[in-house]
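Peer 1: sequence and predicted model, in that order:
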Amino acid sequence: MRGRLASRLAVTPDQYRRVAYVTLAALMLIVLTGAAVRLTGSGLGCPTWPKCYGKVLPPIQTHALIEFGNRALSGFVGVVTAVAAVLALTRKPFRRDLAWLAWALPLGVVAQAVLGGFTVREKLAPGFVMSHFGLSMIILIAAVALAWRATHEPGWRPRSTDRLSVWSVRLLALLGALTIFAGTAATAAGPHSGGAVGQHIKRLDFKGADTLNWVVRQHAAIAALFGVVAVAAWLWQRHRGASEKTLEPLTFVCILIAAQGLVGSVQYELHLPSDMVWVHVLLATVTWVALLWSVVAMGRLAPRLRAVPVAEGPLGRPERTGELVAR
């Protein structure tokens with residue numbers, strides 16, 4: 001019985017590659033719908049979890065329908081990730097690395113659901129809201145890795161020996177993560193609390209009335225540094241003769257950062273309209289995925305080599321010459 005089921009669910013590498021990309025797209029979509037919940041003031045549209053107002057179906061109210069719709073979509077995304085996990089076990093040939101990454105995704109979605117419940121219970125406290133978005137970015141790391149590995153077979157290219165190029169992109173990813181974190185802090189301190197009119201929502205206000213301006217300034221400074229480092233990394237890769245396939249995602253990152261800077265400046269001058277903030281979140285999500293793609297496109301580093309000390313024979317003469325071994 002189990003053998004027949006596994007045979008029916010068996011997928012080819014090309015089929016599983018498409019499954020991995022669909023899963024990545026679904027996980028990106030849920031980030032955007034979650035942002036829409038906050039920006040429409042529907043964060044407490046369903047003040048109880050997992051049910052809405054203690055019922056299976058939400059009342060016919062705009063905020064409740066938006067919040068419940070996001071929960072329903074999250075359930076659908078959970079099913080998509082579960083399918084990707086199961087099919088990773090039936091892929092022919094089986095690959096352990098894909099199975100580990102695929103099974104991390106539904107676990108991440110479950111963790112998101114639990115964290116979402118605590119976020120609602122704590123009345124959208126900024127720490128929970130920021131963690132909610134941050135966990136989505138972490139899940140996307142596994143999703144991008146799954147899509148990349150499903151596209152390429154192990155050992156399809158040699159490891160890189162250009163340590164500076166590889167580490168420049170990896171450090172760029174860390175700076176991108178810091179930029180996104182600062183952006184979530186700016187949203188947590190901004191006018192879009194996630195709650196409707198009349199609802200008391202906790203806000204980020206460690207500097208009182210000046211919190212928003214202070215956080216926005218820090219976010220802008222970090223984002224500017226992020227942009228400068230991205231361009232520097234691109235120029236370095238081009239100088240080193242990087243292939244088009246390696247340079248393409250980094251080029252995309254630079255373009256997205258420029259677009260983010262423009263959108264961020266305009267939305268600040270317009271006093272943070274919700275539509276502009278949603279576009280900012282959209283670009284941030286796409287930038288993060290492109291940044292992760294740049295990291296994997298650079299490849300893994302070859303191990304360092306070191307010389308083995310020359311051993312001396314009984315007469316003080318070397319018995320063998322030194323050799324290079326992986327460290």
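Peer 2: Alright, I've got the coordinates. Numbering: from 1, shown residues only.

Peer 1: where does pLDDT dip in the stretch 1-150 of the chain?
Peer 2: In the predicted model of the stretch 1-150 of the chain, residues 1-6 satisfy pLDDT under 70.

Peer 1: if you set the cut-off to 80 instead, what comes out?
Peer 2: Across the stretch 1-150 of the chain, the ranges flagged by pLDDT under 80 are 1-9, 49-50.

Peer 1: cool, the stretch 151-300 of the chain as well?
Peer 2: For the stretch 151-300 of the chain, residues meeting the criterion pLDDT under 80 lie at 155-158, 160, 190-204, 206-209.

Peer 1: how near is Pro106 to Phe68?
Peer 2: From Pro106 across to Phe68, the span is 21 Å (C-beta to C-beta, to the nearest Å). Heads up, the C-betas are built off the backbone N, CA and C, glycines and all.

Peer 1: now do His219 against Val80, distance only.
Peer 2: Counting by C-beta to C-beta, the gap from His219 to Val80 is 32 Å.

Peer 1: if you could redo that for Gln267, that was the one I meant.
Peer 2: With distances defined as C-beta to C-beta, the gap from Gln267 to Val80 amounts to 31 Å.

Peer 1: all helices for this structure, in order.
Peer 2: If DSSP state H is used as the criterion, the helices of the chain fall at 2-8, 13-39, 62-90, 96-121, 126-151, 163-189, 211-239, 244-269, 274-298.

Peer 1: between those helices, which gets nearest to Asp205?
Peer 2: Shortest separation from Asp205 across the helices of the chain is recorded for helix 211-239, at 4.8 Å, computed as C-beta to C-beta.

Peer 1: tell me what that closest one is packed against?
Peer 2: helix 163-189, helix 244-269 (3 or more C-beta pairs under 8 Å, 6 or more residues apart in numbering; DSSP states H and E).

Peer 1: any idea which of those is most buried?
Peer 2: Compared across those, helix 163-189 shows the largest average neighbour count, a mean of 19 (mean count of other C-beta atoms under 10 Å).

Peer 1: so which elements touch that one?
Peer 2: For helix 163-189, the packing partners by 3+ C-beta pairs under 8 Å, 6+ apart come out as helix 126-151, helix 211-239, helix 274-298.

Peer 1: rewinding a little: with distance to Val114 added, can I get the helices and strands packed on helix 211-239 in TSV?
Peer 2: Below are the helices and strands packed on helix 211-239 laid out as TSV (distance: least, C-beta to C-beta, whole Å):
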stretch	distance to Val114
helix 163-189	19
helix 244-269	31
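
Peer 1: so Ala99 is in contact with Thr90, correct?
Peer 2: No: under the criterion of C-beta atoms under 8 Å, Ala99 makes no contact with Thr90, lying 10.1 Å away.

Peer 1: Pro154 and Val281, how far apart?
Peer 2: Pro154 sits 35 Å away from Val281, going by C-beta to C-beta.

Peer 1: what's the answer for Thr161, then?
Peer 2: 38 Å.

Peer 1: residues contacting the nearest residue to Pro126 once chain neighbours are set aside?
Peer 2: Nearest-residue entry for Pro126: Ala188, 3.8 Å, with adjacent residues in sequence omitted and distances by C-beta to C-beta, 6 or more residues apart in numbering. Contacts for Ala188 were tallied using C-beta atoms under 8 Å, 6 or more residues apart in numbering; they are Pro126, Val129, Met130, Arg203, Leu204.
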